[in-house]
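Asks: sharing a model that was predicted from the sequence below.
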Amino acid sequence: MAVFESFRAVRWIRLANLVLQAALFLALFGGLNYLAGNHAWRYDLTRGGRFSLSPETVAYLKDLSSPVHIYVATEESEVTPELRGLLREYSYTTEDSPGKVTVEYLDVYQRHQEAEQLGIDEPGAILLRCNDNHFKLTTADLYRAVQGERAAFQGERALTSAILDVSSTARKRIYFLVGHGEMRPDDVDATTGLSAARDYLGQRNFDVKTLELATAHQIPEDASVLIAVAPRRPYSAFETELLRQYLRVRAGRLILFLGPSPSSVGLERLLGDWGVLVDNDLIYDNAAESVTGDGDLIIRQFLPHPVTQSLLSERGPTLRIGPARTVRPDPASAAGRGLEVRTLAATSTTAWGEVNNRFSGVPVYNPGIDIRPLPDMDPPDRLSLAVASEPVTVRDNLAFTVPRGRLVVFGTGDLIDNVRFANAGVLDILMGAINWTVDRYSQLNIPPHPIDRFELSLSERELNNLRYTLLFALPGLTALLGLMVYWTRRH
């Protein structure tokens, strides 16, 4: 009998064949994993490439010289798919770069001590650290809201801007004006200090300084934005001219918090040049839902603008403010000077501006004397509390505009003091104003990704048909196919 015809030889041949097949399978599997690990090809098949970083972001990430660590204050499973996918792309893109971006998800409840040391005190916060610099983001910074709903995801622009800020050796500098009774960032008093705002801005990688125009005689070249909070004494003509030249000639940025007072502290002409009217009134509201028990106004009306973007989210935070005055656009001045002046926040429809503050008893609206909301103003039938002004020049009918400086004016002076700083909405509107004035996000040409929503509407009859189909039709079809196979094999 030939060797290959014996049963023993056949069994060995079959065994060798199985071993060879297993070895070839393992070799193929190992080769594919080697190629995937060392020569990976990744394709984004989503519409619009929502899980791909823009070329601008990739170019910035490749130039990072120091590693950046991102802490997300929540479990990974609780992060939205858009943010989770975006963070993976940052880590993958910088995997072999000196400025590697790493991501860590931190449960603030289970790892409370570590979160406290990092300065993360709320779930959903995002902290970026690079060397000794740190920068905090909130979930509201990552989305653009329309009518209270998330309409677009702008996380890439916010995160890329934050990475550039935290990895930069030069920090944007904010100067608080002093010398006229303003609140100071080095004051820790509960009602007159701004130390809480100073510490928060430091966490956002800003360098906070004070500036007294009367002694400095100039505005420093490194000033990213000037802020004046509740000035009580008027600015001199020289100081006003410094501010005017800073805004117009140097395209400067100025944020004013002006509480009720007999005048606009010497800034009437400056504000008029920017299309802003500040009335000498005190706002009252007799609606119970618009006033707190201690007399604070409750503001719920915010108009679309980069400053108020976070306040337009689906959370719908309100803003509690103390004594306030009317601050509104001047359409005639704005049109004549090529200004875009927009209202940011407004009162309820029952509010009015009391001009005569020397009275006793319950305030009452006096027609012809006090200020009442106008139906043809934006927003209609509401008093404006804050405005943003930006000169815009259109050249030769081209499809772009050239900004010449920015001004934000609030009609309340104690909005960001140490007591009110922790209130809902204060952080959002303060950072919205600062980010807009310093062009923090607009400098990056990274478009937001729209959020697609799919809704399935079924009537009760259609829902019952679907239920019966899943419960009976599909299992019945499977059973019928099984019977047919069984009958065919028997016959």
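Replies: Looks like it arrived, so ask away.

Asks: and residue 176, what are its bridge partners?
Replies: Beta bridges link residue 176 to residue 210, residue 227, judged by DSSP bridges.

Asks: helices of this structure, start to end?
Replies: 7-38, 55-62, 81-93, 112-118, 155-167, 195-203, 213-216, 237-248, 268-273, 331-337, 426-437, 460-468, 474-490 (DSSP state H).

Asks: list of residues touching the fourth one?
Replies: This points to helix 112-118. Helix 112-118 is contacted from outside by 71, 73, 106, 108, 121, 127, 129, using CB atoms under 8 Å, 6 or more residues apart in numbering. For every residue, glycine as well, the C-beta is placed using N, CA and C.

Asks: now the helices of the chain in TSV, with mean pLDDT?
Replies: Converted to TSV, the helices of the chain look like this (pLDDT from 0 to 100):
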stretch	mean pLDDT
helix 7-38	85
helix 55-62	82
helix 81-93	86
helix 112-118	81
helix 155-167	84
helix 195-203	88
helix 213-216	94
helix 237-248	94
helix 268-273	91
helix 331-337	84
helix 426-437	88
helix 460-468	83
helix 474-490	86
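
Asks: distance to residue 100 for these - can I get that in TSV?
Replies: Listed next are the helices of the chain as TSV, based on distance: least, CB to CB, whole Å:
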stretch	distance to residue 100
helix 7-38	18
helix 55-62	9
helix 81-93	8
helix 112-118	19
helix 155-167	12
helix 195-203	23
helix 213-216	42
helix 237-248	40
helix 268-273	48
helix 331-337	48
helix 426-437	27
helix 460-468	49
helix 474-490	50
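
Asks: ok, which of the ones you listed comes nearest residue 281?
Replies: For residue 281, the closest of the helices of the chain is helix 268-273, at 14.6 Å, according to CB to CB.

Asks: where does the stretch 301-450 of the chain have low pLDDT?
Replies: Along the stretch 301-450 of the chain, the model assigns pLDDT under 70 to residues 313-317, 357-361, 393-403, 441-445, 447.

Asks: quick one: the helices of the chain as TSV, columns for mean neighbour count and distance to residue 257 too.
Replies: Shown next, in TSV, are the helices of the chain (neighbours: other CB atoms under 10 Å; distance: least, CB to CB, whole Å):
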stretch	mean neighbour count	distance to residue 257
helix 7-38	10	56
helix 55-62	16	34
helix 81-93	17	33
helix 112-118	13	30
helix 155-167	23	24
helix 195-203	19	11
helix 213-216	14	17
helix 237-248	17	15
helix 268-273	17	13
helix 331-337	14	21
helix 426-437	23	10
helix 460-468	10	55
helix 474-490	9	65
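
Asks: between these, which one is nearest to residue 312?
Replies: It's helix 426-437; of the helices of the chain, that one is closest to residue 312 (CB to CB) at 9.6 Å.

Asks: show residues contacting that closest one.
Replies: Residues contacting helix 426-437 (CB under 8 Å, 6+ apart): 138, 140-141, 174, 197, 200-201, 204, 206, 224-225, 253-255, 305-311, 317, 319, 344-345, 386, 388, 406, 408, 415-416, 420-421, 440-442.

Asks: contacts only, for residue 167.
Replies: Going by CB under 8 Å, 6+ apart, residue 167 touches 64-66, 68, 99, 130, 133.

Asks: wait, residue 246
Replies: By CB under 8 Å, 6+ apart, the residues touching residue 246 are 219, 223, 226, 252, 254.

Asks: closest to residue 94 out of the residues you listed?
Replies: residue 223 (32.7 Å).

Asks: for the helices of the chain, which one sits closest to residue 368?
Replies: Residue 368 sits nearest to helix 331-337 of all those, at 22.0 Å, using CB to CB.

Asks: packing partners of the closest one?
Replies: Counting contacts by 3 or more CB pairs under 8 Å, 6 or more residues apart in numbering; DSSP states H and E, helix 331-337 packs against helix 268-273, strand 339-346.

Asks: CA atoms of it as CSV?
Replies: The C-alpha coordinates for helix 331-337 follow below in CSV (Å, rounded to 0.1, in the frame of the first residue of the first chain):
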residue,chain,number,x,y,z
PRO,A,331,-30.5,104.9,15.0
ALA,A,332,-29.8,108.3,13.5
SER,A,333,-26.3,108.5,14.8
ALA,A,334,-25.5,104.9,13.9
ALA,A,335,-26.7,105.4,10.3
GLY,A,336,-24.7,108.6,9.8
ARG,A,337,-21.5,107.1,11.1
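
Asks: contacts for that helix, please.
Replies: Here helix 331-337 makes contact (CB under 8 Å, 6+ apart) with 272-275, 339-341, 389, 391.

Asks: need the longest strand for this structure.
Replies: strand 384-394 (DSSP state E).

Asks: ok, that strand: who's next to it in the sheet?
Replies: Strand 384-394 pairs in its sheet with strand 339-346 (antiparallel), strand 401-403 (antiparallel), strand 406-410 (antiparallel), by DSSP bridges.

Asks: quick one on the thing from earlier: can you put the helices and strands packed on helix 331-337 in a markdown table and add distance to residue 332?
Replies: Compiled in a markdown table, the helices and strands packed on helix 331-337 are given as follows (distance: least, CB to CB, whole Å):
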| stretch | distance to residue 332 |
| --- | --- |
| helix 268-273 | 10 |
| strand 339-346 | 11 |
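
Asks: right, and these - which one's nearest residue 237?
Replies: Nearest to residue 237, of the helices and strands packed on helix 331-337 and by CB to CB, is helix 268-273 at 9.4 Å.

Asks: among the contacts of helix 112-118, which one lies nearest to residue 186?
Replies: residue 121 (22.8 Å).

Asks: quick one: contacts for the closest one?
Replies: By CB under 8 Å, 6+ apart, the residues touching residue 121 are 108, 115.

Asks: spatially central, which residue of this structure would that be?
Replies: Residue closest to the mean C-alpha point of the chain, counted by CA atoms, centre = their mean, is residue 141 at 1.9 Å.

Asks: picking that back up, mind listing what's buried along the longest strand of the chain?
Replies: 384-391 (16 or more other CB atoms under 10 Å).

Asks: kindly reformat the contacts of helix 331-337 as CSV containing distance to residue 91.
Replies: What follows is these, written out as CSV (distance: CB to CB, whole Å):
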residue, distance to residue 91
272, 52
273, 49
274, 44
275, 46
339, 44
340, 40
341, 43
389, 41
391, 42
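
Asks: and of those residues, the nearest to residue 457?
Replies: Proximity of the contacts of helix 331-337 to residue 457 (CB to CB) peaks at residue 340, which lies at 41.0 Å.

Asks: can you pick out the most distant pair from the contacts of helix 331-337?
Replies: 272 and 340 (16.0 Å).

Asks: and stretch 230-244, how far apart are its ends?
Replies: By CA to CA, to the nearest Å, the extent of stretch 230-244 from end to end equals 19 Å.

Asks: pop the domain breakdown of this protein in here.
Replies: Domain assignment for the chain by automatic domain parsing gives 3-38, 55-165, 172-437.

Asks: which one, of these, ends up nearest to residue 464?
Replies: domain 55-165 (31.0 Å).
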